[in-house]
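Trainee: Need a 3D model of the sequence below.
(2 chains)
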Amino acid sequence: MEIALMIPCYIDVFYPQVGIATLELLERLGVDVVYPKEQTCCGQPMANSGCYDEARATEDHCARVFGSFEYVVIPSGSCTHHIRNKFTAAADSPEKDNLSRNTYDLVEFLHDVLKVREFPWATFEHRVAFHTSCSAIRGLNMTSMTERVHDPVFSKPKALLSGVRGVQFVDFDRVDECCGFGGTFSVTEEAVAAKMGYDKLASMQKASPDCIVSSDMSCLMHLQGCARRQRQDIPFLHVAQILNGVSL
Amino acid sequence: MSPVNQAKNAEAFLEDTVHEEHLDKLLWTLRMRRDAAARQVPEWEELRTLASEIKEHTLSNLSHYLIEFEAKAIANGITVHWARDAHEHNQIVYDLLVERQISTLVKSKSMLTEECELRPFLETRNIRVIETDLGERIQQLDDQPPAHIVGPAIHKTTRDVANLFAKNYGSDPKNDDPAYLAGVMRENTRPEILNAHVGMTGANFLVAETGGIVVATNEGNAELSAHTPPLHVVSAGIEKLVPNMESLAVFIRLLARSATGDAITQYTSTFRGPREGAAMHVILVDNGRSSRLGLERFWHSLKCIRCAACMNTCPVYRRSGGLSYGSTYMGPIGIIMMPTFDVRRYSELPFSSTLNGSCTNVCPVKIDIHEQIYGWREVMEEKGQIQTVKKQAMKVADKVLSNSALYQIATATVSTALDALPHFAIYNKLNAWGKHRDVPEAAAETFHEWYKNHRLKGNEVLEI
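Mentor: Next up, the predicted model:
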């Protein structure tokens, strides 16, 4: 199976190890991974800010680069949500439609397409506080939602991590409350964003986790910024790193 | 008027940690109570769907139901007035008072009268207005608008109220027992109600089939305000209609559960006509509603039944306080309603959201609130309301991000990568990120460079 790997711009620059883990993990699972070298960004930062016209050229570029693949995999729920559900600035084209239809978050791709549940090469004997991004929860339905009280409880990323020896999840309050990142919100409304981040961290820390894990590095970039400011050196990891066998 | 700067107001609110924690905890408790109440109703999601469909049907046939309601109300002995806008509404109320030479009005809580700014309108014309809802009265005494549509003074602690009542009523400033404070309020407002000649209420629902007006309260003050004086005036937005009593039941089951987690409010009263020897007037108010109904993308906000569940669950509202929005309606529902009143003044509100979507999930009438917030951001761009600095930054970002060569140059670790990405993502305000959080460190090698160095064979070139 051939897939195209899309690496979000913030992972490219700040968290290349997450990109590497994603690539290696997919290769371990026998997937033929193509990394289109012309890739840049999905256009979300602009579209999310209301700057629809300013997102157009970037979305067009993204559709051109990725529009002909059968599967496009991104280690980010937020970029996936944008491409699947909000990709409206780009001009209509078969490439754009293909891309919106064929794009998967890494967790979805592993869980729903490859249907893999065991990661025998990985051991991670640690207490994990798992944070799911709002895009992944309410945009991609990767987990159940606390507001929907009658729905069965599930979490695709936790189902995957349960296939890693030793992983132990800790429970914390307000599990699916937003961490406050919110794209440009994290800057335009920085005081509230930071407060939400500190509250999220405090709630997790009460459960004494060894690390904080998510399938979205953008949330973690924000939470890590809060933690470092408080001189907390708790590790922040992307789910791909654990599934690929990282050790603390 | 310049746009409301919600972010700045929120920052000021956050500096007062006592009130911020108070509000966050209290509202989160309401959210938990809402979840528990919904859990008790197995058909909860079907009820939400039904409520949404009934509202969509009614709004799609609004003229029919309005005419039906008017005919029934008149037949019941109610005088029906139509107000095109806030001014007409206020003038009707004023005329009713003047005709009867009355200079004091007692009223129960009504967000519509807040929207119409009825109180200042009457006060400048020498009419005394006494709010009889505890929270609304607290806000009136403190000269603040409501901070929440269900609990107007929900941001205040009992200490705040004890001090406020001591100042206004001479009560004990050291006693902040809620029962004591409620007693102080009762002692002071009850005589006003008993002596009143006109009582005013809002309406939660108007029932077209019966001409009935339904008011839900917990304090019974609407009932007192309606039953005691010889004239009862009702202020109601035209979107409050439901077709019949059967459909009303769907909303009654959802309203209090969504708002406070109670199965029903203490009082749910239907007023069908004036009592013997008394008069009843209803003012049906448009004030922008029919033009909102014509907005293809945004008419769904008219389905709102004012339960405030979206505010209670909103992580931004809970940390900003309702007053930060500088508007009659606040929180997620306020963000999508206020721009229909004044697009310039409320142009920044759609950005006071992380688009997390929790509001949409709790909304009892299934308004897709966070999708509409996203939609309003686009409208603000179309209407030229986005700040030039943000717009410029986004133009630069688009230029760089739509061109792989420029992107490689901007992100290459040999250049100043630290500068590069935050520039795309968060434009010209890197220091805003850094105010409360550490800035992420750029890696020694981008993924792109790593791939080039480790994965490409000698004759392959990754450079553009």
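
Trainee: Show me the shaky parts of the stretch 51-200 of chain B.
Mentor: Counting by pLDDT under 70, the stretch 51-200 of chain B has no low-confidence residues at all.

Trainee: residue ranges for the strands of it, please.
Mentor: Taking DSSP state E, counting those that start in this stretch to define them, one finds strands in the stretch 51-200 of chain B at B:79-83, B:104-107, B:128-131, B:198-201.

Trainee: Most tightly packed of those?
Mentor: With neighbours defined as mean count of other C-beta atoms under 10 Å in any protein chain shown, these peak in mean count at strand B:198-201, which reaches a mean of 26. (Each C-beta comes from the backbone N, C-alpha and C, glycine too.)

Trainee: residues in contact with whichever helix or strand comes after it?
Mentor: Per DSSP states H and E, the first helix or strand lying C-terminal to strand B:198-201 is strand B:205-207. Contact with strand B:205-207 is made by B:69, B:212-214, B:236, B:240-245, B:248, B:251, B:270, B:282, B:305, as judged by C-beta atoms under 8 Å, 6 or more residues apart in numbering or on different chains.

Trainee: Quick check: PyMOL command selecting the buried ones in these.
Mentor: With 16 or more other C-beta atoms under 10 Å in any protein chain shown as the criterion, this PyMOL line picks the buried residues out of those:
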select buried, chain B and resi 69+212+213+214+236+240+241+242+243+248+251+282+305
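
Trainee: List just the nearest of the contacts of strand B:205-207 to chain A.
Mentor: residue B:305 (17.0 Å; C-beta to the nearest C-beta).

Trainee: pLDDT wise, what is that closest one at?
Mentor: Residue B:305 is assigned a pLDDT of 98 by the prediction.

Trainee: can I assume it is in contact with residue B:251?
Mentor: Yes. When contacts are counted by C-beta atoms under 8 Å, residue B:305 is listed as touching residue B:251 (5.9 Å).

Trainee: Could you tell me which residues touch both of those two?
Mentor: Going by C-beta under 8 Å, 6+ apart, residues that sit against residue B:305 and also against residue B:251 are B:51, B:204-205, B:364.

Trainee: Among those residues, name the buried ones.
Mentor: Buried residues within those, counting neighbours by 16+ other C-beta under 10 Å: B:51, B:204-205, B:364.

Trainee: Check these against residue A:156 and report the nearest one.
Mentor: When these are compared for distance to residue A:156 (C-beta to C-beta), residue B:364 wins out at 28.3 Å.

Trainee: Distance of the closest one relative to residue B:54?
Mentor: Look at residue B:364 and residue B:54: by C-beta to C-beta, to the nearest Å, they are 11 Å apart.

Trainee: Residue B:300 now?
Mentor: Using C-beta to C-beta, we find residue B:300 at a distance of 13 Å from residue B:54.

Trainee: any idea how far residue B:173 is from chain A?
Mentor: Spatial separation of residue B:173 from chain A under the definition C-beta to the nearest C-beta, to the nearest Å is 31 Å.

Trainee: now check stretch B:308-320, is it near chain A?
Mentor: Yes. Stretch B:308-320 lies in contact with chain A when judged by C-beta under 8 Å from any C-beta of the partner chain; the contacting residues are B:313, B:315-316, B:319-320.

Trainee: and those residues as JSON lines, adding secondary structure, neighbour count and pLDDT?
Mentor: Rendered in JSON lines, the data for those read as follows (DSSP: H, G, I helix; E, B strand; the rest coil; neighbours: other C-beta atoms under 10 Å in any protein chain shown; pLDDT from 0 to 100):
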{"residue": "B:313", "secondary structure": "helix", "neighbour count": "28", "pLDDT": "98"}
{"residue": "B:315", "secondary structure": "helix", "neighbour count": "28", "pLDDT": "98"}
{"residue": "B:316", "secondary structure": "helix", "neighbour count": "29", "pLDDT": "98"}
{"residue": "B:319", "secondary structure": "helix", "neighbour count": "25", "pLDDT": "98"}
{"residue": "B:320", "secondary structure": "helix", "neighbour count": "28", "pLDDT": "98"}
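
Trainee: thinking again about what came up before, out of the strands of the stretch 51-200 of chain B, which comes closest to residue A:206?
Mentor: Judging the strands of the stretch 51-200 of chain B by C-beta to C-beta, what sits closest to residue A:206 is strand B:128-131, at 41.0 Å.

Trainee: partners of the closest one in the sheet?
Mentor: Based on DSSP bridges, the pairing partners of strand B:128-131 within the sheet are strand B:104-107 (parallel).

Trainee: what sits up against the partner strand?
Mentor: B:93, B:97, B:113, B:122, B:127-132, B:189, B:192-193, B:195-201, B:225, B:229.

Trainee: Let's see that with 7 Å instead.
Mentor: Strand B:104-107 has contacts (C-beta atoms under 7 Å, 6 or more residues apart in numbering or on different chains) with B:97, B:113, B:122, B:127-132, B:192-193, B:196, B:198-200, B:225.

Trainee: So what's the gap between that strand and the chain middle?
Mentor: Averaged C-alpha coordinates place strand B:104-107 at 24 Å from its chain's average position (C-alpha atoms, centre = their mean, to the nearest Å).

Trainee: CA atoms only for it - export them in PDB, please.
Mentor: Output in PDB follows, covering the C-alpha atoms of strand B:104-107 (Å, rounded to 0.1, in the frame of the first residue of the first chain):
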ATOM      1  CA  THR B 104     -43.100  52.800  38.800                       C
ATOM      2  CA  LEU B 105     -42.700  49.500  36.900                       C
ATOM      3  CA  VAL B 106     -42.000  46.200  38.500                       C
ATOM      4  CA  LYS B 107     -40.600  43.600  36.200                       C
END
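
Trainee: returning to that earlier point: from the buried ones among the shared contacts of residue B:305 and residue B:251, which single one is nearest chain A?
Mentor: Relative to chain A, the closest of these is residue B:364; by C-beta to the nearest C-beta it sits at 11.2 Å.

Trainee: what about the closest residue to residue B:106 other than its chain neighbours, how many neighbours?
Mentor: With sequence-adjacent residues excluded and distances taken as C-beta to C-beta, 6 or more residues apart in numbering or on different chains, residue B:106 is closest to residue B:196, at 4.2 Å. Burial of residue B:196, expressed as a neighbour count using other C-beta atoms under 10 Å in any protein chain shown, amounts to 22.
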